[in-house]
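> Build me a structure from this.
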Amino acid sequence: MGIDIHELRPLSILDLEPDSLSTHNSHPRPDIPGPSVPRPWSSYSGVREAYGLEALGMGNLGCVHRNLSPAQLIEHAVVRGEAVLAHNGALCVRTGAYTGRSPRDKFIVNEPDSQTSIDWNPVNVAISEENFQRLYHRILSYIQGRDLYIFDGYVGSDRQYQMGVRVVTELASQSLFAHQLFLRPTAAELAHHQADFTVISVPGLKADPRLDQGVNSEAFIVLHLGQRLVLIGGSRYAGEIKKSVFSLMNYFMARRGVLPMHCAANRDAEGRTALFFGLSGTGKTTLSADPARSLIGDDEHGWSGSGIFNFEGGCYAKAIRLSEATEPQIWQAIRFGALLENVPLGRDRTPDYQDASLTENTRAAYPLSHIPNSASPSVGEHPSTILFLTADAFGVLPPIAKLTYEQALYHFLSGYTSKLAGTERGVLEPQATFSACFGQPFLPLPATVYAEMLGDRLRSHPSAEVYLVNTGWSGGPYGVGDRLPLAVTRALVSAALRGDLRAVPTDLDPVFQVAIPRSVPGISSRLLHPRDTWADPQAYDRQARQLAQRFIDNFQQVGGDRPDLVAAGPRVESP
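Reported below is the predicted structural model:
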């Protein structure tokens, strides 16, 4: 039986409603100290240093802590009542009502520097400069008298394209997240650090849509591209910090001629690099953590004229149903210094990775150095193999299929998968979805900009093989069929990475037109052809036609002006 994490700590200031601490338009009196919380003895330095926060308009602050070590941040988080230590040494936090990203609460400021270049659409929603400033002044009022944590570091392992990032948070646990997810500076680098991007995260400040114009709920994630500034409030889900920085990189890297990618990457002993594209939950982190290959990174990369480089310094893995037997590298990476989000604990504080009572989207954040064979530096050559991962809830896509150049661009622009439970707020079971470039929520520019960049690179490196890999269901749709075993997917991916599928004869799928290999060592040929796994082949045909029509309808919106790509997509014929 699980234990409530809140039974393990006293009530802290973080449990109180923000309105009980500061009213909407009030400003704390300078003669009244901020909220009192227990502080570790190591937090008293006797020196009040703002570390340049005054340039952001921040004043009348409590203690400001900059780039504390993981041990110090863990100490602060525990004493402040933000988290508890799990049996394996990881810091365990709960994020409250927000256990995943909240896309409807993300906004981009409509300002002169970027308004004409942004692809304004349902995921890139505008908020006015005036409303942004109102939220910013609320934050400046809210943080008065409060302790703050600063992480100064970098994004981008290739120094030619590296950007400085500053993350300012009210939670020590979120500062630990930033420390583990971004690139950590040396002492010399920290002394001369300059922030190209700044993220301010104040989970305790909740917006009020009745008063804060332009927002939809108590949570807000607002990107100001002109000021390179992000405001986050109302949500403790640390993934909002990570993805906000990724969105900034997607904007600024593309303008510098680098293709930003929502993908994992690894390389073999000969330096051959592989990319794993896919939305959250499709297997990027799991499949890229391969003991036989060096991990470059699990989620966000750039492809420049020199090759591949990781944007980050850590991993943010889904932890639901994690086991040592199937994912030993990730299991062993979750130790002291790692951060667990929303993983229930047993009575002895052992993480229960099988328990989805809080969310399916349980997470583990840890530095790349926790993976024993991670690549250092986190760079790679131009890829020799590119894998598009999709978790098909319809159960009709093949486990693996070879794509032509046109099909690669078609499926890149389509970005099909099934949105898995818990990845976003309100998603309780898999839903079929299309997300251009396998990352549309994070793309400020039109998807065609990124697709054209990918096409240029594929033409420049024609030996790169592209595969569509279904990590979803077989034998029927979700609720009827079964999810493909991880061991099967690993075997298929390994065969592709070794080049074993190059000379294998293929069969053309009559609906999706992709080339299905007739054989893969150790895998039943029946499993390779999804129609053969269904008890009712006619039911498969109906389901395949339905999904194919969804592809066709979606592609009319994102690439309908490219007849060469349209011709590479699925076909629907009358039954």
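> Going by C-alpha atoms from here, please, whenever you check contacts or count neighbours.
Noted.
> mind listing the helices in the stretch 51-200 of the chain by residue range?
Secondary structure of the stretch 51-200 of the chain (DSSP state H, counting those that start in this stretch): helices located at 70-79, 129-142, 172-181, 187-191.
> mind putting those in CSV, mean pLDDT, distance to Leu56 and mean neighbour count included?
As requested, these are arranged in CSV below (pLDDT from 0 to 100; distance: least, CA to CA, whole Å; neighbours: other CA atoms under 10 Å):
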stretch, mean pLDDT, distance to Leu56, mean neighbour count
helix 70-79, 98, 23, 21
helix 129-142, 97, 9, 18
helix 172-181, 98, 18, 28
helix 187-191, 96, 19, 11
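> among these, which is nearest Gly479?
Evaluated with CA to CA, the helices of the stretch 51-200 of the chain place helix 172-181 nearest to Gly479, the distance being 35.1 Å.
> which secondary structure elements does that closest one contact?
If contacts are counted by 3 or more CA pairs under 8 Å, 6 or more residues apart in numbering; DSSP states H and E, helix 172-181 sits against helix 70-79, strand 148-155, strand 163-169, helix 239-255, strand 314-318, strand 339-341, strand 363-367.
> mind checking pLDDT for the closest residue to Gly239 other than its chain neighbours?
What sits nearest to Gly239 in space, not counting adjacent residues and going by CA to CA, 6 or more residues apart in numbering, is Arg101, at 6.7 Å. Here the pLDDT value assigned to Arg101 is 93.
> go on, the one 5 residues further on?
For Lys106, the pLDDT comes out at 98.
> got it, and Trp534?
97.
> Would you list the phi and psi of it?
Main-chain dihedrals, Trp534, degrees, to the nearest 10: phi -90, psi 140.
> quick one: it and Trp473 touch, right?
No: proximity of Trp534 to Trp473 does not meet the contact threshold set by CA atoms under 8 Å, at 10.9 Å.
> Determine the next helix or strand in the C-terminal direction from the longest helix seen in the chain.
Secondary structure of the chain per DSSP state H: the longest helix is helix 537-558. Toward the C-terminal end, the helix or strand that comes next after helix 537-558 (DSSP states H and E) is helix 563-566.
> Which positions within that following helix qualify as buried?
Within helix 563-566, the residues that qualify as buried are Leu565, Val566, counting by 16 or more other CA atoms under 10 Å.
> Pipe the helices and strands packed on helix 172-181 into CSV and attach distance to Pro185 per row.
Written out in CSV, the entries for the helices and strands packed on helix 172-181 read as follows (distance: least, CA to CA, whole Å):
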stretch, distance to Pro185
helix 70-79, 14
strand 148-155, 5
strand 163-169, 10
helix 239-255, 17
strand 314-318, 14
strand 339-341, 20
strand 363-367, 13
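> For Pro291, which of those is the nearest?
strand 314-318 (15.9 Å).
> partners of the closest one, with directions?
strand 363-367 (antiparallel) (DSSP bridges).
> how big is the angle separating the strand it pairs with from helix 172-181?
Between the axis of strand 363-367 and that of helix 172-181 there is an angle of 60 degrees, by axes from the mean of the first three to the mean of the last three CA atoms, to 10 degrees.
> what about strand 363-367, average pLDDT?
For strand 363-367, the mean per-residue pLDDT is 98.
> what residues does the very next helix or strand once past it touch?
From strand 363-367 onward toward the C-terminus, using DSSP H and E, the following helix or strand is strand 379-380. Outside strand 379-380, the residues within contact range by CA atoms under 8 Å, 6 or more residues apart in numbering are Ser157, Asp158, Asn266, Arg267, Gly271, Arg272, Thr273, Ile296, Gly307, Ile308, Phe309, Asn310.
> how many other residues sit next to the residue nearest to the last one when sequence neighbours are not counted?
Okay, so that is Asn310. Closest residue to Asn310 apart from its sequence neighbours, by CA to CA, 6+ apart: His301 at 4.4 Å. When neighbours are counted by other CA atoms under 10 Å, His301 registers 29.
> is it true that His301 touches Ala264?
Yes: His301 lies in contact with Ala264 (CA under 8 Å); the separation is 7.2 Å.
> Report pLDDT for the residue nearest the centre of the chain.
In the chain, the C-alpha nearest the mean C-alpha coordinate belongs to Lys243, at 5.7 Å (CA atoms, centre = their mean). On pLDDT, Lys243 comes in at 97.
> isn't it right up against Phe442?
Yes: counting by CA under 8 Å, Lys243 sits close enough to Phe442 to count as a contact (7.0 Å).
> Can you give the distance of the helix or strand where Val230 lies from its chain's centre?
Here Val230 is covered by strand 229-233, with elements defined by DSSP H and E. Its chain's C-alpha centre and that of strand 229-233 lie 17 Å apart, by CA atoms, centre = their mean, to the nearest Å.
> Could you export it as CSV, CA atoms only?
Output for strand 229-233, consisting of C-alpha atoms alone and laid out as CSV, is shown next (Å, rounded to 0.1, in the frame of the first residue of the first chain):
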residue,chain,number,x,y,z
LEU,A,229,12.0,35.9,-21.5
VAL,A,230,9.6,33.2,-20.3
LEU,A,231,7.1,33.6,-17.4
ILE,A,232,5.7,30.4,-15.8
GLY,A,233,3.1,30.5,-13.0
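> name the helices or strands packed onto that strand?
Here strand 229-233 is seen to pack against strand 197-202, strand 220-224, helix 239-255 when contacts are counted using 3+ CA pairs under 8 Å, 6+ apart.
> Just to check, Leu339 is in contact with Cys92?
Yes: between Leu339 and Cys92 a contact is recorded at 6.0 Å, counting by CA under 8 Å.
> Where does pLDDT dip in the stretch 451-575 of the chain?
Residues of the stretch 451-575 of the chain meeting the criterion pLDDT under 70: 574-575.
> how about low-confidence regions in the stretch 151-300 of the chain?
Judged by pLDDT under 70, the stretch 151-300 of the chain has no weakly predicted residues.
> before we move on, the earlier item: quick one: closest of the helices and strands packed on helix 172-181 to Arg526.
If we rank the helices and strands packed on helix 172-181 by CA to CA, the stretch that ends up nearest is strand 314-318, at 30.3 Å.
> close enough to count as contact, Ile108 and Gln227?
No: with contact defined as CA under 8 Å, Ile108 does not count as touching Gln227 (11.4 Å).
> Please identify which of those two sits among more neighbours.
Of the pair Ile108 and Gln227, Ile108 is the one with more neighbours under other CA under 10 Å, namely 24 against 13.
> in the stretch 1-150 of the chain, which spans are strands?
64-66, 84-85, 91-93, 106-110, 126-128, 148-155 (DSSP state E, counting those that start in this stretch).
> Now do the strands in the stretch 401-550 of the chain.
Using DSSP E, counting those that start in this stretch, the strands assigned to the stretch 401-550 of the chain run over residues 416-419, 431-434, 465-470, 473-474, 482-483, 506-508, 515-517.
> tally of neighbours for Pro398?
So Pro398, with other CA under 10 Å, has 25 neighbours.
> Also the one 3 residues further on?
Other residues lying near Ala401 total 27 when counted by other CA under 10 Å.
> Quick check: nearest residue in space to it, chain neighbours excluded?
With CA to CA, 6+ apart as the criterion, Ala401 has its nearest non-adjacent residue at 4.6 Å, and that residue is Ile516.
> Out of the helices and strands packed on strand 229-233, which is closest to Pro209?
Taking CA to CA as the measure, the helices and strands packed on strand 229-233 were each checked against Pro209, and strand 220-224 came out nearest at 10.2 Å.
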